[in-house]
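Enquirer: Need the 3D shape of this:
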Amino acid sequence: MPKTHQPLPKILVITGSVRPKRFNIQPATWIHKTASQRPDAQFELVDLLQINLPFLDEPIPPSQHQYSKSHTKNWSKIIESADGFIFVTPEYNHSLSPALKNAIDYLFIEWHYKPAAFISYGSLAGGARAVEHLRAVCAEIKIYDLREQIMLPDYWDHTDQDGQYQFTDQHEKLAQKLLDSLIFWSKVMRPPRQHLRKEVS
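Expert: Numbering: from 1, shown residues only. Predicted coordinates:
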């Protein structure tokens, strides 16, 4: 019996900050550009600033999958279409940003059984504490959080006179390892995800 053709996995790069003059868009754009050069997956940059979700305003918990707002339905379609995620997160007070947490909390089943990797930034810890909190959130929504992570400590010390971060060859090597793992698991998890979705539907 011939194998059915499987489309390339779709990976979303999700920004984690909506602040004016945010640094976040730089690593998000960098990893999206780097990833898009690969032939083994398709990548999309999802900017929460453009998505512009209000503070969670659905009257029914997201686990019930009964959305009443057009912005929620649109967000649901975006996340449902993905096979995996790269979260680009700042660290605010030892945790992730409220904008990213809010975006995650809008949905439930759309996140299930998909892998995620992380790029973080901050002061000396490089956003590590934000990712530790984010991993706990991922566990609750049944995201498979990967070990791979790129940290950018004291990022302001590595920018040029125009404020542009200077990514190095080492960053590129780390990015490829992260992408290798993420693409692998996005393919592996697709069949069981489809099977489990059928069971609960």
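
Enquirer: Show me where this protein has its helices.
Expert: Assigned by DSSP state H, the helices in the chain fall at 25-35, 48-51, 70-80, 98-105, 128-140, 169-188, 190-200.

Enquirer: Burial check on residue 155, number of neighbours?
Expert: Residue 155 has 20 neighbouring residues, counting by other CB atoms under 10 Å. To be clear about C-beta, it is placed using only N, CA and C from the backbone, and glycine gets the same treatment.

Enquirer: hang on, it packs against residue 165?
Expert: Yes - counting by CB atoms under 8 Å, residue 165 is a contact partner of residue 155 at 6.1 Å.

Enquirer: For the two, list the residues in contact with both.
Expert: Counting by CB atoms under 8 Å, 6 or more residues apart in numbering, the common neighbours of residue 155 and residue 165 are residue 23.

Enquirer: out of the helices of the chain, nearest to residue 12?
Expert: Ranking these by their distance to residue 12 (criterion: CB to CB) puts helix 70-80 first, at 7.3 Å.

Enquirer: name the helices or strands packed onto the closest one?
Expert: In terms of contact count using 3 or more CB pairs under 8 Å, 6 or more residues apart in numbering; DSSP states H and E, helix 70-80 is assigned the packing partners helix 48-51.

Enquirer: picking up where we left off before, would you turn the helices of the chain into a markdown table with distance to residue 111, mean pLDDT and mean neighbour count?
Expert: Written out in a markdown table, the entries for the helices of the chain read as follows (distance: least, CB to CB, whole Å; pLDDT from 0 to 100; neighbours: other CB atoms under 10 Å):
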| stretch | distance to residue 111 | mean pLDDT | mean neighbour count |
| --- | --- | --- | --- |
| helix 25-35 | 19 | 98 | 20 |
| helix 48-51 | 15 | 98 | 15 |
| helix 70-80 | 6 | 98 | 14 |
| helix 98-105 | 7 | 98 | 19 |
| helix 128-140 | 8 | 97 | 18 |
| helix 169-188 | 13 | 97 | 16 |
| helix 190-200 | 11 | 74 | 11 |
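
Enquirer: Residue 109 and residue 134: what is the separation?
Expert: According to CB to CB, to the nearest Å, residue 109 and residue 134 sit 19 Å apart.

Enquirer: Correction: the previous question concerned residue 17.
Expert: Using CB to CB, one obtains 13 Å as the distance from residue 17 to residue 134.
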